[in-house]
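Trainee: Just a sequence and a predicted model for now, questions to come.
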Amino acid sequence: MSELQTEIQKRRTFAIISHPDAGKTTLTEKLLLYGGAIHLAGSIKSRKTQRHAVSDWMEIEKQRGISVTSSVLQFDYAGCRINILDTPGHQDFSEDTYRTLMAVDSAVMIIDVAKGVEAQTKKLFKVCKQRHIPIFTFVNKLDRFGKAPLELMEEIEDVLGIRSYPMNWPIGTDGHYKGIYHRETEKVELFSEDTSHGQEERESVIFDLKDPKAKEIIGDTDYQALLDDIDLLDVAGEQWSMDKVNKGELTPMFFGSAMTNFGVRGFLEEYLRLAPAPQPRMSSDGLISPDDEKFSGFIFKIQANMNPAHHDRLSFIRICSGKFERGMSVYHMQGGKAVKLSQPQQFLAQDRQIIDTAYPGDIVGLFDPGIFGIGDTLCMPSHKFKFADFPVFPPERFARVSAKDTMKRKQFVKGIMQLTQEGAVQLFQQAGAGMESYIVGTVGQLQFDVLEYRLKSEYNTEIVMNMQPFEVARWLRFKDNRPVTPESLRGADRGMFVYDMKDRPVLLVNNEWALGWIQDNNPDLEMFPVPPEK
Ligand code: GDP
């Protein structure tokens, strides 16, 4: 194997998807602990002590206790190099998460044993499913009362439409669990006394199920229930199929407890064994294989002012093929220019490091003078192509935004343009209106809060925000390509006629009913929920 192939085989790049509070922060922290990236779990975030996750960069995240932006964590374990792309769990801020999921090769789905499949998990799962990436399930909080494992399996199948293959099985009845049984090794692992409150890894009590003392240690009822369940799984359960796992049709399911460290190491090791190394990516020139010697990658996230002291802007690139070297010259397809990648950075959240080399699957932060956009391709001048487009999400909420202090207008425009390029909000200009205000579109309320907060903290500009009654945006086009203007569109005053930042006409209206009226009265009008391809 070449050096490139060896490095690719070592890599696992994934995101953790879950509903808020299922335990994503806790699990991430434990994985880092095993990787030796941090020494005392709980130093990442403990709500009790009001300390916060290393992956929470921004003040607003600290204030609201949620992760607004996705960050990247890298660590080594057992010969593997692991890249975890953190995703915000808050339902309002899903666009950023969707983009992050474009950059991973697999996903870990956390489910709270008591709550089962929750709303946000469902949404994120859908995106993973569309990409056909392998999904590994970790059922968390086994130290507490929970649903029956068979019920959870059924729920996953009914709600998410994926079958599961339990790799281990909880021991205990009526929702009170004592430990887990590992199906492959036929070993039992029981909870033990936790003296460090989950801060250090614990010894577990492990023995063979065939051990003559097993029945006594586990207890008659639970022992019998376990034997029955194992039988049932073996006979009636899904057959193991690596092929189905790889296609995202079967999810390996693990039970454990992130907080008490129970079952976490076993999960990590199995995950590393089964999860895919970096995969080929579709492009305008067909599939690009990671072991293609020619470097390529795409930008999936842009963030400005991560360090408020320096007004810098970082673009995050997922490497898709070839070896990345500091200072290398690459071709930026969308910009149509060669660029030199001089100060690449890698992350353990706040600790940035300048790196010299990186490989497919890795995420690198590039200093960006404002030239990159989300979804842009970087490749070698000798092999030019574009990676497939990123999905765009239709905005559903709108507000008119202006600077409170007219003297701050310049800062205001700079800030709002930057946040638009990051993909934090979508920006429109009302037809015929002056330049003192913009119409901002988002998919959720939190994006407005982020906008307000960041303009204040990063651009020292307070804003005035007036919510607009619209819920639907439609990009407009006449079939004969004559220009769509407020005058040529019948009923334009039934909504608000605006232009997006590329000067394309868009109509904002209250509801689908209004759309119907517009369509009826403009028979040759085409309407699109996202900007149409030319
Ligand atoms: P996130 O919102 O998904 O990042 O969830 P957190 O990791 O912040 O966890 C939410 C809450 O659940 C916190 O109070 C954790 O201490 C708690 N928690 C996480 N894992 C476990 C677990 O295995 N058992 C129990 N009992 N609580 C847990």
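Mentor: That came through fine.
Trainee: just checking, next helix/strand downstream of the helix or strand harbouring F138?
Mentor: Here F138 sits within strand 135-140, counting by DSSP states H and E. Later in the chain than strand 135-140, the nearest helix or strand by DSSP H and E is helix 149-155.
Trainee: What is that following helix packed up against?
Mentor: strand 163-166, helix 220-236 (3 or more CB pairs under 8 Å, 6 or more residues apart in numbering; DSSP states H and E). The C-beta positions use only the backbone N, C-alpha and C, and glycine is treated the same way.
Trainee: that older thread, let me see the mean pLDDT of the strand holding F138.
Mentor: For strand 135-140, the mean pLDDT works out to 98.
Trainee: what's the answer for stretch 292-306, then?
Mentor: On average, stretch 292-306 scores 87.
Trainee: worst-scoring helix or strand of the chain, pLDDT-wise?
Mentor: Here the helix or strand of the chain ranked lowest by mean pLDDT, DSSP states H and E is helix 59-64, holding a mean of 49.
Trainee: ok now do the nearest residue to P360 once chain neighbours are set aside, which residues does it touch?
Mentor: In space, P360 comes closest to P290 once its chain neighbours are excluded; the distance is 3.7 Å by CB to CB, 6 or more residues apart in numbering. Contacts for P290 (CB atoms under 8 Å, 6 or more residues apart in numbering) come out as I8, A277, P278, Q279, P280, C320, S321, P360, G361.
Trainee: Of the residues you listed, keep whichever come out buried.
Mentor: Buried members of the contacts of P290, counted by 16 or more other CB atoms under 10 Å: I8, A277, P278, Q279, C320, S321, P360, G361.
Trainee: on that earlier part again, tell me the one of the contacts of P290 nearest the ligand?
Mentor: G361 (23.8 Å; CB to the nearest ligand atom).
Trainee: pretty sure that closest one is in contact with R11, am I right?
Mentor: Yes - with contacts counted by CB atoms under 8 Å, G361 reaches R11, the gap being 3.5 Å.
Trainee: Common neighbours of these two, please.
Mentor: R81, N83, A277, P278.
Trainee: Tabulate these (CSV), appending secondary structure and pLDDT.
Mentor: Shown next, in CSV, are those (DSSP: H, G, I helix; E, B strand; the rest coil; pLDDT from 0 to 100):
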residue, secondary structure, pLDDT
R81, strand, 92
N83, strand, 91
A277, coil, 98
P278, coil, 98
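Trainee: Spatially, which two of those are the most separated?
Mentor: N83 and A277 (11.5 Å; CB to CB).
Trainee: residues shared between the contacts of the two?
Mentor: With CB under 8 Å, 6+ apart as the test, N83 and A277 both reach R11, R12, G361.
Trainee: part of a strand, is the second one?
Mentor: Looking back up the chat, that one is R12. Yes - membership of R12 in a strand is supported by DSSP: H, G, I helix; E, B strand; the rest coil.
Trainee: looking at it, A304 is touching F367, isn't it?
Mentor: No - counting by CB under 8 Å, A304 sits too far from F367 to count as a contact (11.1 Å).
Trainee: and these two? which has more neighbours close in?
Mentor: Between A304 and F367, counted using other CB atoms under 10 Å, the more crowded position is A304 (20 against 14).
Trainee: could you list every residue that touches the more buried one?
Mentor: H311, D312, R313, L314, Q418, L419, E422, E458.
Trainee: Skipping its backbone neighbours, what lies nearest the fourth one in space?
Mentor: It stands for L314. G365 (4.3 Å).
Trainee: so which helix or strand takes in that neighbour?
Mentor: strand 363-367.
Trainee: May I have the strands that pair with the next helix or strand after that strand, each with its orientation?
Mentor: Next helix or strand after strand 363-367 toward the C-terminus (DSSP H and E): strand 377-379. Using DSSP bridges, strand 377-379 pairs in its sheet with strand 296-304 (antiparallel), strand 329-332 (antiparallel).
Trainee: now strand 377-379: mean pLDDT?
Mentor: pLDDT averaged over strand 377-379 gives 97.
Trainee: Check stretch 339-357 too.
Mentor: Rounded mean pLDDT across stretch 339-357 is 68.
Trainee: tell me how far the ends of it are from each other?
Mentor: 17 Å (CA to CA, to the nearest Å).
Trainee: so K404 makes contact with E462?
Mentor: Yes - at 4.2 Å, K404 and E462 qualify as touching, with contact defined as CB under 8 Å.
Trainee: D229 reaches P166, doesn't it?
Mentor: No - applying CB under 8 Å, one finds D229 not in contact with P166, separated by 9.2 Å.
Trainee: buried ones in stretch 501-508?
Mentor: Quick answer for stretch 501-508 (16+ other CB under 10 Å): R504, P505, V506, L507, L508.
Trainee: can you check stretch 359-375 too?
Mentor: Neighbour counts over stretch 359-375 (16+ other CB under 10 Å) mark 359-366, 368, 372-375 as buried.
Trainee: Kindly report the same for stretch 168-177.
Mentor: Buried residues in stretch 168-177, counted by 16+ other CB under 10 Å: N168, W169, P170, I171, G172, T173, Y177.
Trainee: could you redo those residues as a markdown table and give each row pLDDT and distance to M527?
Mentor: Shown next, in a markdown table, are these (pLDDT from 0 to 100; distance: CB to CB, whole Å):
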| residue | pLDDT | distance to M527 |
| --- | --- | --- |
| N168 | 97 | 51 |
| W169 | 97 | 52 |
| P170 | 96 | 51 |
| I171 | 95 | 57 |
| G172 | 92 | 56 |
| T173 | 87 | 57 |
| Y177 | 92 | 53 |
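Trainee: Stretch 266-285: how far from the chain's middle?
Mentor: 16 Å (CA atoms, centre = their mean, to the nearest Å).
Trainee: That stretch: which residues count as buried?
Mentor: Residues of stretch 266-285 classed as buried by neighbour count (16+ other CB under 10 Å): 266-268, 270-271, 274-279, 281, 283.
Trainee: Show the end-to-end separation of that stretch, please.
Mentor: End-to-end distance for stretch 266-285: 40 Å, by CA to CA.
Trainee: and if you look at stretch 245-252?
Mentor: From its first residue to its last, stretch 245-252 covers 7 Å (CA to CA).
Trainee: pLDDT on it, on average?
Mentor: 97.
Trainee: now what about that stretch, what contacts it?
Mentor: By CB under 8 Å, 6+ apart, stretch 245-252 touches 109, 128-129, 131-137, 156, 162-165, 167, 238, 241, 244, 270, 274, 276.
Trainee: Check stretch 256-265 too.
Mentor: 23, 26-27, 29-31, 34, 41, 110, 138-144, 168, 179-180, 189, 191, 194, 198, 200-202, 204, 254-255, 266-267.
Trainee: mind saving the C-alpha coords of that stretch as CSV?
Mentor: Taking C-alpha atoms only, stretch 256-265 is exported to CSV below (Å, rounded to 0.1, in the frame of the first residue of the first chain):
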residue,chain,number,x,y,z
GLY,A,256,-24.4,1.9,26.9
SER,A,257,-24.2,5.0,29.1
ALA,A,258,-21.9,7.8,28.1
MET,A,259,-22.1,9.5,31.5
THR,A,260,-20.9,6.5,33.5
ASN,A,261,-18.5,5.4,30.7
PHE,A,262,-20.4,2.1,30.4
GLY,A,263,-20.0,0.3,27.0
VAL,A,264,-18.4,3.3,25.4
ARG,A,265,-14.9,1.9,24.7
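Trainee: That'll do, ta.
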